[in-house]
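[1] Give me the fold of what follows.
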Amino acid sequence: MATLLFLVHRLPYPLHKGDKVRSYHLLRHLQQEHRVFLGTFIDDPADEQHLPEMETLCPDLFVARIDARTARLRSLGSLFRREPMTLGYYRDRSMSAWVASVMAQHHIDKTVVFSSAMAQYAPAGVPMLVDFVDLDSAKWAQFAPAHSWPMSWVYERESRVLLDYERQVAAAAEHAFFVTPHELALFDSHAPECRGRAKVLRNGVDSSYFQPLDSRASPYAAQEVPVIFTGAMDYWPNVDAVTWFAQDMLPRLRQRWPTLRFYIVGRSPVRQVQALASDGVVVTGTVDDVRPYLQHARAVVAPLRVARGIQNKILEAMAMAQAVVTTPSCADAVGATEAQGLLRASDAEGFVKEVDLVLQRGSAQARQLGQAARQFVLSHCRWDTQLQPLDRYLGLSLPEGVAQC
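    Residues are numbered from 1 along each chain as shown. Got it, this is the predicted structure:
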């Protein structure tokens, strides 16, 4: 057993965001063999209610609070320090003091950093593993052309400065990880001096939780043809995705399917999303359980034009025995084929065509494709299998027959 310092930029619970899902399962995996000191932030007051559960899960827990307004001011100050605004946003004296206290009282064998922003707290002299997940600098580069000045300039600058920082972190790390081969190849192309230092550590899905059950009631009206998107609806790529679908695809689909309704299922819908609500669009906000919505949908879409890494929403839908229509970049990250329930569309016309074909399928054909999607997840996307290679980098031996990164 080793003693680990695990630094995460957002409380790994509840599991309503993709990064929380990954960091939660990473925490659980690390705890199987090690003592873990977890330092993290709460950036949503609603997460406070989950602290007792987190303290039970990880007794060696420290949580700092982020006030969004204060954090934004700190991040603006980073403009004058020639550092990523992301670092300023997550800079906190109490977190630094807690890390120093842990180091003074315990021997830490290794530090595991989740998200590059937390590397600023990694103690010197302790071997560091960094889970970048995605190449965040590339995300900001994607944001820039989709926004007008001055935000386009801010995003372009953040992309450039953050990439420099990511390269520094990777160079200082013992090992670094990205969620897909594409993200890894992108990093290697931008940081040739770090080539060979980073590996792939893919996402998984809890297929025992996300599974269809005959006893689960439908949330939809009997006459509806429900098409669904799931995700946090205060995240700009998700906002862009549902807006694109509602404006450019839904009207054409409703010409053929008059009772089709587009369900946007996810927490914290911003005004732009709320404004989409109409006879043909339902904005649910937070739901107690997303599984009934997934299980009983006629089609699941993920029209993400700006996306990095593996989308958990796609894996969860496939685990629920649903085929998914998504963009090529998202499909390539998952790796499933059309026969395995992952359908590709690169533009609005393609989405209309693919969704229409899904809706035309008879129940037996739809069930068969859905089962193929679930089988892909069971075979390729189990969390325990995906995270086992990490043990080698923590000084553990892999069980016989487990593939290494």
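
[2] From H147, how far out is Q388?
    Distance, Q388 to H147, by C-beta to C-beta, to the nearest Å: 40 Å. C-beta coordinates here come from the backbone N, C-alpha and C atoms, glycine included.

[3] For these two, indicate the residue with more neighbours.
    Neighbours per residue, other C-beta atoms under 10 Å: of Q388 and H147, the larger number sits with Q388, 18 against 14.

[4] mind checking pLDDT for L398?
    What the model reports as pLDDT for L398 is 40.

[5] now do V8
    pLDDT, V8: 98.

[6] Return the residues in contact with it.
    V8 sits next to 23, 27, 38-41, 114-115, 118 when contact means C-beta atoms under 8 Å, 6 or more residues apart in numbering.

[7] closest to D356 among these?
    S23 (37.9 Å; C-beta to C-beta).

[8] can you pull the buried residues of whatever helix or strand that closest one lives in?
    When elements are assigned from DSSP states H and E, S23 belongs to helix 18-31. Of all the residues in helix 18-31, those buried under the rule 16 or more other C-beta atoms under 10 Å are 18-30.

[9] now do stretch 27-45
    For stretch 27-45, by 16+ other C-beta under 10 Å, it's 27-30, 34-44.

[10] again, but for stretch 202-215
    202-207, 210-212.

[11] now those in CSV, with pLDDT, distance to P292 and secondary structure?
    Shown next, in CSV, are these (pLDDT from 0 to 100; distance: C-beta to C-beta, whole Å; DSSP: H, G, I helix; E, B strand; the rest coil):
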residue, pLDDT, distance to P292, secondary structure
R202, 94, 28, coil
N203, 94, 23, coil
G204, 95, 22, coil
V205, 96, 17, strand
D206, 95, 17, coil
S207, 95, 17, coil
F210, 97, 12, coil
Q211, 97, 13, coil
P212, 97, 10, coil
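
[12] Can you report how many residues lie near the closest residue to E338 other than its chain neighbours?
    Distances taken as C-beta to C-beta, 6 or more residues apart in numbering place R344 nearest to E338, at 7.3 Å, with adjacent residues excluded. By other C-beta under 10 Å, the residues close to R344 number 18.

[13] And R344, what's its pLDDT?
    For R344, the predicted pLDDT is 97.

[14] shouldn't it be in contact with V334?
    No: with contact defined as C-beta atoms under 8 Å, R344 does not count as touching V334 (10.7 Å).

[15] Which other helices and strands does the helix or strand encompassing R167 contact?
    Following DSSP H and E, one finds R167 within helix 151-172. Contact analysis of helix 151-172 by 3 or more C-beta pairs under 8 Å, 6 or more residues apart in numbering; DSSP states H and E lists helix 85-89, strand 128-133, helix 136-143, helix 181-190 as its packing neighbours.

[16] For those, could you give me JSON lines that also reports distance to E174 and mean neighbour count?
    Shown next, in JSON lines, are the helices and strands packed on helix 151-172 (distance: least, C-beta to C-beta, whole Å; neighbours: other C-beta atoms under 10 Å):
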{"stretch": "helix 85-89", "distance to E174": "21", "mean neighbour count": "22"}
{"stretch": "strand 128-133", "distance to E174": "6", "mean neighbour count": "24"}
{"stretch": "helix 136-143", "distance to E174": "20", "mean neighbour count": "20"}
{"stretch": "helix 181-190", "distance to E174": "16", "mean neighbour count": "17"}
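
[17] nearest to R271, of the ones you listed?
    helix 136-143 (18.8 Å).

[18] so D234 sits right up against P269, yeah?
    Yes: using C-beta under 8 Å, D234 is in contact with P269, at 7.3 Å.

[19] Run through the neighbouring helices and strands of the lengthiest strand in the chain.
    If you go by DSSP state E, the chain has its longest strand at strand 35-42. For strand 35-42, the packing partners by 3+ C-beta pairs under 8 Å, 6+ apart come out as strand 3-8, helix 18-31, strand 61-65, helix 93-105.

[20] For that strand, which strands pair with it and how are they oriented?
    strand 3-8 (parallel), strand 61-65 (parallel) (DSSP bridges).

[21] How far does the last one sit from its chain's centre?
    When you say that, I think you mean strand 61-65. 21 Å (C-alpha atoms, centre = their mean, to the nearest Å).

[22] how big is the angle separating that strand from helix 93-105?
    Strand 61-65 runs at 160 degrees relative to helix 93-105, counting by axes from the mean of the first three to the mean of the last three C-alpha atoms, to 10 degrees.

[23] In strand 61-65, which residues are buried?
    61-64.

[24] Provide the contact partners of it at residue level.
    11, 37-42, 51, 54-55, 92, 94-95, 98.

[25] wouldn't C330 be in contact with N312 here?
    No: using C-beta under 8 Å, C330 makes no contact with N312, being 11.1 Å away.

[26] neighbour count winner among D234 and P269?
    Per other C-beta under 10 Å, whichever of D234 and P269 has more neighbours is P269, with 23 against 15.

[27] mind listing what the more buried one touches?
    Contact analysis of P269 by C-beta under 8 Å, 6+ apart lists 233-234, 283, 285.

[28] and if we set it to 7 Å?
    For P269, the contacting residues are 233, 283, 285, by C-beta atoms under 7 Å, 6 or more residues apart in numbering.

[29] Could you identify the buried members of those residues?
    Buried among these (16+ other C-beta under 10 Å): 233, 283.

[30] quick one: which of the contacts of P269 is nearest A171?
    Closest to A171, out of all of these and judged by C-beta to C-beta, is M233, at 37.0 Å.

[31] Now do stretch 192-211: distance to the chain's middle.
    Counting by C-alpha atoms, centre = their mean, stretch 192-211 comes out at 11 Å from the chain centroid.

[32] Kindly apply the preceding question to stretch 6-22 instead.
    9 Å.

[33] circling back to that earlier point, mind checking the strands paired with strand 35-42 for the one nearest to V225?
    Taking the strands paired with strand 35-42 one by one with C-beta to C-beta, strand 3-8 is closest: 40.2 Å.
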